[in-house]
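Undergrad: Provided below are the primary sequence and the corresponding predicted coordinates.
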Amino acid sequence: MDSDVSQATNQGETENGYDFRSIQDTWLPVWDELRPFASSNPDDTRPRKYVLDMFPYPSGDLHMGHAEAYALGDVIARYWVQSGFNVMHPIGWDAFGLPAENAAIKRGLNPRDWTYENIEQQRASMRRYACSFDWDRVLRTCDPEYYRWNQWLFIELFQRGLAYRKGSWVNWCPKDQTVLANEQVVNGLCERCDTPVTKKKLTQWYFGITKYADRLLDDLNQLEGTWPAKVLTMQRNWIGRSVGADVQFVIEGREEPVTVYTTRPDTLYGATFMVVAPDSDLAQELANAGSAEVQQQFSEYLDVVKASTEIERQSTDHKKTGVFLGAYAVNPVNGERLPIWAADYVLAEYGHGAIMAVPAHDQRDLDFALAFDLPVRVVLETGLPDPADSGIAAAGDGRLINSGALNGHTKAEAIPLVIAQLEKDGLGSAAKNFRLRDWLVSRQRYWGTPIPIIHCEACGEVPVPADQLPVELPEMSGAELQPKGTSPLGSVADWVNVPCPRCGAPAKRDTDTMYTFVDSSWYYLRFVSPHNSEAAFDVAEAEKWAPIDQYVGGVTHAILHLLYSRFVTKVLFDMGLVTFTEPFSALLNQGMVQMDGSAMSKSRVNLVRLSDELDEFGVDAIRLTMAFAGPPEDDIDWKDVSPAGSAKFLARAWRLARDVSSSPDVIWANGDEKLRRSTHRLLADVPGLVESFKFNVVIARLMELVNQVRRVIDQGAGAADPAVREATETVAIILSLFAPYTAEDMWSMLGYEPSVARAGLRKPDHTLLVEESVTCVVQVNGKVRDRLTVSPQIGDDELTQLALASAGAVKAVGDAAVKTVVVRAPKLVNIVVGV
RNA sequence: GCCCCCAUAGCCCAACUGGCAGAGGCGAUCGACUUAAAAUCGAUUCAGUACGAGUUCGAAUCUCGUUGGGGGCACCA
C-alpha cells in the first residue's frame, strides 16, 4: 500500500497536478454556454433573492479593490443559489462622469469611445473573474436607453416641486470648473481633485431632499441590525436633526419681524445681540438701510468673507470677525434693544440665517462677544465661573435667573414653558432644523444626462414632453469639452435652440447635465427590467425582486449614494410605483485593499496590479485570498495575506477529488465515522457562517476538513471510502462559493455534470451531529483541575458526583470545605471551596 | 472640541456571545522524499487576551478608568 500511495503522489509532484490555467480555460466557455446564473426565466419557481454589488465606474481595467468587492458579493450570491434561490445578481456601469471627459479632452475624442472601451475591458475581466452575474441584465448609465429614464425621473420630481432652480452661494471647484454638492466638499477640498473649494453665486437645480429629512432619519431604524452601525451613524450625523424653537424679533424700522432658530429658547432672556449671516439677503438689506459708513464697512467685510476658502472658514480656531449693521432688534420677552451684527460664523443656509446670541451659554457667541466687547448676561445658575471672566460658556444645567417668570425652573422645564408662551403671544413656535441641505444636481460639464427642461421667455421652465425623450447628447469631442465655467452644451447652437413645447416660441434647452449620483440613485430598479422601453422599470417585476436583499459595496458611499437612493425610493413610493420605502434591506461594506498601509484606490497608483496577481496565482487563489483575509469589512493589507498559500490549499483540495476519482469505485468500508461527522458538522454550520459574513471562518473550516480527508486517505480508509467521497463532494460544493473553477473541476472529476454552482448545498444528517460523548471540564474555584468524558445526556446530580470524585478535583480541594458546586451539564462543573 | 468603533501568538485572524484561550493560514525550525533544489507530505515552535480596577462560582467576552489605533461630525445656533 505504501508504495502505491507514494507513486500516486509522485506523479502529481511533477507539475503539482493542479494547473489553474487549464482549469480556467476548460470551464469558462462551458459556463458561457450553460449560463448557470440566468435569472429571467418566467417558469422558474425558485424563491427569489436580489443580491447587488455596487456597480463600477469604468476607469480602466478592474483593480484590487474591485477584485475584493466582487469576490465577496459573489460568495453571497452563489450561496443563495446553492441554497435553492433564483438569485438576481446583475451588473452594470456607472458610465457618466468627469474622468471620461478629461480623458476625451486629452486625446481629442468623444468620452463615449473611452468609456465603452473600458467597459468592454472590465466586462471581459469580470467574466474571467467568474463573477456570477446575470449577463442578460447589463446596463450602462450613458446609454440613451438608460438616461432617458433619468430624464423621466427628473421631470417627475419637477412636477412634484421636488426639482427646482434657485440662486445661491454654491461650492465651486476652480479646477474641474463645476459646482459641487455639499457632500463633495471634504474638509474644504474638492473630493475629486483636492483643490480648495470656493463659493460662487449661481442659479442651479436642486432636488428637495430636505422635504424627506424626517423620513430619511426615522426610517434608518428599520435598518438597525442589517446595516453596519457605522453607516447608520454617519447617515444620522449627516441629516443632523436638531429641535428647538423659532422666535420672532421685531427689527426697529422694519415692517417684517426676523425669525431666528434656537435650540435653547430657555436662554432667551440672556440674548444680548443678534447676528445675521453676511451673505444673506437680510444682511444686505439692513446694511443698505444704514449709514454710509455702515454700508462701506459691510461691503468690505462681505468681500473678505467671499474671498476666504472653505478651509479657512471651517477651521476651528478661526477668529471671530464681523461688523455692526447699525440696526437693532427687540427681544420679544423683555423688550430689550439688541444690536444686530453680521458675522460669518452664522450660515445663511441654516435655519433662517440669523441667530439670537446668548454669549453666557454659547461658546461661539461668547467668543464673538469678547472680541467685540458686547455684554454677557448669565441666565442659568450652573455653578460654573462667570463666562465673561473665564471665557468659557456655561453649558451645564441649573436654575434660571434674570428670566422673569421662568426664574427657578431648570433648562428642561423652561424650554416647553417658553415655547408655550411664545406660541400664545404669536411670537414663535417649536421648530426643528436639519444639517442636510437640498441636493444640488446640475453640473456644468458635458458627459452626463442632459437636464430635460426648455427655458421659454413666456412659459418659463417647461419639461421636455415624454415623446421627445431622451434628450440625447450632441456629438462633441476633444477641445470642445474644455471646461470654461459654463456647460459645453451651450455652444452647440442647433442643439440648444428649440421651439418651446408649450407655445412654440423660440426657446433654449437647459445646458447643464445631471450629477452622476442621480444615475445611480435608482439603477437598482432598472435591473428588474433592463430592456423595458415603456418605463423606467416594470412595476410588477420590481414588486417581485425589490427591495434588495443584500447590497454590497464600499463604505466610501456610506453617505452620498445611499442617501440619494433612499430619497428617490421614498419619492417613488409616494408615486405609488414601489411598495417599499427602503431600497437596501441589508448592507455589507467591504474594506479596502492596501499595500503596506497605503490605499490602492482608483485615483492612487496601483501598487499591486490585479492582472499580475491573476496571472501568477489564478482567479480562484485571488478570490479565495480576498475572502480568507479576515472579516469582509476589515481592510486587507496585501503584504499580510498569501495568495500562494491559497493556491496551495486549492491544489490540496483538488488532489482529493483526483484521488477519489482514480480509486476503484468499490465500497469496501462503511465510511470513516469521524470524517462523516466532520462533514456534516460543516454542512450544519455553513449557512449560519455565510449569513453572518464569516467567510474566513468557512474557509478555515474547509481547510480543516481537507486536512482531515487527506489523513484518512493516506493513513486510514483510503480514497475509495464513501466517507471520503462524501467529504470531497461537500468540499467541492462549498468551495464553489469562493473558488468556482477549482470546484467545477473537482465536481467533474467526481463524475458529475456541470455546474457545481447549481449542485445545491446538502442538508446535514442530524443523527451524525449528536455527540456520543463530550468532555466535561472540572474546575475548582474557576481553575481547570480535571476533565471527564461523559454522555451528553448526563444529569446534574450524576455529573456532580463524578466531578467531586475526580482525581484532579480531589487533589485541588484537599481538605477545604466545598461551599457550592456550579453545574452546567454536560460541559462544565465548578467546585467552589472556602479559602 | 463632541460622538462611535477597535486592541487575542512574530504576522493575518478564530473562540458556540460569560464556561478548557486556538479552528485555519502566513512565517520560522526540524524531518521524509530527491544526486540536489523546487514542489509535496509530516511534525514542532509561539500569547494568557493593550494597561489598571470592578461585577461574577467563573471574564478575551459585561462595567468604569487609562493608553494606543481607526472612523464620523465639527462656528449647524
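TA: Yep, it's here. Quantities reported herein were computed from a predicted structural model and do not represent experimental measurements.
Undergrad: where in chain A is pLDDT low?
TA: Along chain A, the model assigns pLDDT under 70 to residues A:1-16, A:309-317, A:597-606, A:664-671, A:835.
Undergrad: Tell me who's in contact with residue A:342.
TA: Applying C-beta atoms under 8 Å, 6 or more residues apart in numbering to residue A:342 gives the contacts A:275-278, A:283, A:286-287, A:298, A:301-302, A:322-323, A:325. Using the backbone N, CA and C atoms, a C-beta is placed for each residue, glycine as well.
Undergrad: Mind listing the residues bridging to it?
TA: On the basis of DSSP bridges, residue A:342 is bridged to residue A:276, residue A:323.
Undergrad: one step back: between the contacts of residue A:342, which is closest to RNA strand B?
TA: RNA strand B has its nearest neighbour among the contacts of residue A:342 in residue A:277, at 6.1 Å by C-beta to the nearest atom of the strand.
Undergrad: Which residue is the nearest non-sequential neighbour of the closest one?
TA: residue A:348 (3.8 Å; C-beta to C-beta, 6 or more residues apart in numbering).
Undergrad: For that neighbour, grab the count of nearby residues.
TA: Counted with other C-beta atoms under 10 Å, the neighbours of residue A:348 add up to 19.
Undergrad: same question, residue A:291
TA: When neighbours are defined as other C-beta under 10 Å, residue A:291 has 10 of them.
Undergrad: pretty sure it is in contact with residue A:326, am I right?
TA: Yes - using C-beta atoms under 8 Å, residue A:291 is in contact with residue A:326, at 5.9 Å.
Undergrad: Turn the contacts of residue A:342 into a markdown table, including distance to RNA strand B and neighbour count.
TA: What follows is the contacts of residue A:342, written out as a markdown table (distance: C-beta to the nearest atom of the strand, whole Å; neighbours: other C-beta atoms under 10 Å):
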| residue | distance to RNA strand B | neighbour count |
| --- | --- | --- |
| A:275 | 8 | 27 |
| A:276 | 9 | 29 |
| A:277 | 6 | 24 |
| A:278 | 11 | 27 |
| A:283 | 12 | 26 |
| A:286 | 16 | 25 |
| A:287 | 18 | 24 |
| A:298 | 17 | 23 |
| A:301 | 13 | 19 |
| A:302 | 15 | 18 |
| A:322 | 10 | 21 |
| A:323 | 14 | 22 |
| A:325 | 16 | 27 |
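Undergrad: Mind putting the residues you listed into TSV with distance to residue A:621?
TA: Below are the contacts of residue A:342 laid out as TSV (distance: C-beta to C-beta, whole Å):
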residue	distance to residue A:621
A:275	63
A:276	64
A:277	58
A:278	60
A:283	64
A:286	70
A:287	69
A:298	68
A:301	64
A:302	62
A:322	63
A:323	67
A:325	69
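Undergrad: Just flag the most distant two among those residues.
TA: A:275 and A:302 (14.5 Å; C-beta to C-beta).
Undergrad: In the stretch 501-650 of chain A, what residue comes closest to RNA strand B?
TA: Nearest residue of the stretch 501-650 of chain A to RNA strand B: residue A:645, at 2.9 Å (C-beta to the nearest atom of the strand).
Undergrad: Excluding covalently adjacent residues, which one is nearest to residue A:833?
TA: Counting by C-beta to C-beta, 6+ apart, residue A:833 lies nearest to residue A:816, which is 4.1 Å off, once chain neighbours are set aside.
Undergrad: just residue A:145 next, same as before
TA: Leaving out its chain neighbours, the residue that sits closest to residue A:145 by C-beta to C-beta, 6+ apart is residue A:533, at 7.1 Å.
Undergrad: Could you do residue A:451 as well?
TA: Setting aside the residues directly before and after it, residue A:451 is nearest to residue A:510 in space (C-beta to C-beta, 6+ apart), at 4.3 Å.
Undergrad: if I pick that neighbour, what's in contact with it?
TA: A:205, A:442, A:450-455.
Undergrad: what do you get for residue A:350?
TA: Contacts for residue A:350 (C-beta under 8 Å, 6+ apart) come out as A:261, A:433, A:435.
Undergrad: one more time with 10 Å
TA: A:240, A:242, A:261, A:277, A:433-435, A:437 (C-beta atoms under 10 Å, 6 or more residues apart in numbering).
Undergrad: Now rank those residues by neighbours and give me the top one.
TA: Among the contacts of residue A:350, residue A:277 has the most neighbours (other C-beta under 10 Å), with 24 neighbours.
Undergrad: What is the burial count for whichever residue of the stretch 351-500 of chain A sits closest to RNA strand B?
TA: Residue nearest to RNA strand B within the stretch 351-500 of chain A: residue A:351 (3.5 Å; C-beta to the nearest atom of the strand). Neighbour count of residue A:351, defined by other C-beta under 10 Å: 21.
Undergrad: This completes my enquiry, with thanks.
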